[in-house]
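In: give me coordinates for this.
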Amino acid sequence: MSGAGGWLLVALAGAVACGGGGRDRPAPPDSILFGDDREHQGNVGPTAPEVALIERLVDQYESLDVAMDRLASPSGGNPVRHRAWKADRHEDDAKQRLLDVLQAQFGERYHPRTPGGAARTADSIAALPRAEGTHALNALVLGHHERVHAEVGRALPSVLNLRVREVLLELQQHLADEIRKLKAGLGPNEAG
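Out: The predicted structure follows:
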């Protein structure tokens with residue numbers, strides 16, 4: 001085999017070994033996008049449906065994250081602080097997995113939109129006595145999980161990127177488990 005033919009064979013083998021066989025599209029160069037900017041632009045410009053889906057999910061997690069961070073804050077003597085802190089760490093992991101797949105598959109570093117009303121919601125929960133606050137916190141998390149679970153379920157049939165599909169299926173299963181626990185009266189991420 002000639003030197004040029006050998007190099008071509010090595011290059012093709014390398015491309016297949018590195019995922020060039022069509023499993024997922026290679027990520028474009030990194031770009032930074034702020035959700036607030038996209039909102040102010042009126043979502044103009046072409047956005048891949050999978051990118052738009054992940055951005056919406058991240059925005060929903062950001063709203064929950066802001067409320068949980070505020071509830072978990074050490075200031076104020078909030079009666080549900082510890083429960084909010086535990087749940088917040090877990091929700092941060094789910095949001096980060098979405099951000100990681102967005103960057104890995106589409107080269108986008110996304111900064112979520114600033115959620116409206118999350119601080120007000122957290123403050124109203126923090127003002128409640130422990131039992132009522134716990135119930136309100138669980139209802140907040142349950143509502144979030146049900147919305148995200150439903151959106152993932154509606155979107156999955158049209159998701160073509162295999163890595164995105166894999167992450168969404170894992171998220172959907174995690175949310176289904178958490179919804180079941182919350183409906184059984186357990187707090188977020190309690191019991192196995």
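In: make it CA atoms for all contacts and neighbour counts henceforth
Out: Will do.
In: could you report the pLDDT at the residue nearest to Gln172 when sequence neighbours are not counted?
Out: Of all residues not flanking Gln172 in the chain, His149 sits nearest, at 5.7 Å (C-alpha to C-alpha, 6 or more residues apart in numbering). Reading off the confidence values, His149 has pLDDT 98.
In: likewise Ala94?
Out: 89.
In: got it, and Ile32?
Out: 56.
In: give me the number of residues near Ala119?
Out: Neighbourhood size, Ala119 [other C-alpha atoms under 10 Å]: 18.
In: contacts only, for it.
Out: Val66, Ala67, Arg70 (C-alpha atoms under 8 Å, 6 or more residues apart in numbering).
In: from Ala67, how far off is it?
Out: 6 Å (C-alpha to C-alpha, to the nearest Å).
In: ok, Gln105 next?
Out: According to C-alpha to C-alpha, Gln105 stands 29 Å off from Ala67.
In: so for these two, which sits in the more crowded spot?
Out: Neighbour comparison, Gln105 and Ala67: the larger count goes to Ala67, with 24 against 19 (by other C-alpha under 10 Å).
In: wouldn't the more buried one be in contact with Ile125 here?
Out: No - here Ala67 lies out of contact with Ile125, judged by C-alpha atoms under 8 Å, at a distance of 9.4 Å.
In: would you map the strands across the protein?
Out: Per DSSP state E, the chain carries strands over the ranges 31-34, 108-111.
In: what ranges do the helices span in the chain?
Out: In the chain, the helices defined using DSSP state H lie at 3-17, 35-40, 49-72, 81-106, 118-126, 130-155, 162-183.
In: generate TSV for the ones you listed, with distance to Pro112 as supplementary columns.
Out: TSV is the format used below for these (distance: least, C-alpha to C-alpha, whole Å):
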stretch	distance to Pro112
helix 3-17	34
helix 35-40	5
helix 49-72	5
helix 81-106	10
helix 118-126	14
helix 130-155	15
helix 162-183	18
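In: buried deepest among those, which one?
Out: Mean neighbours per residue, mean count of other C-alpha atoms under 10 Å, is largest over the helices of the chain for helix 49-72, with a mean of 21.
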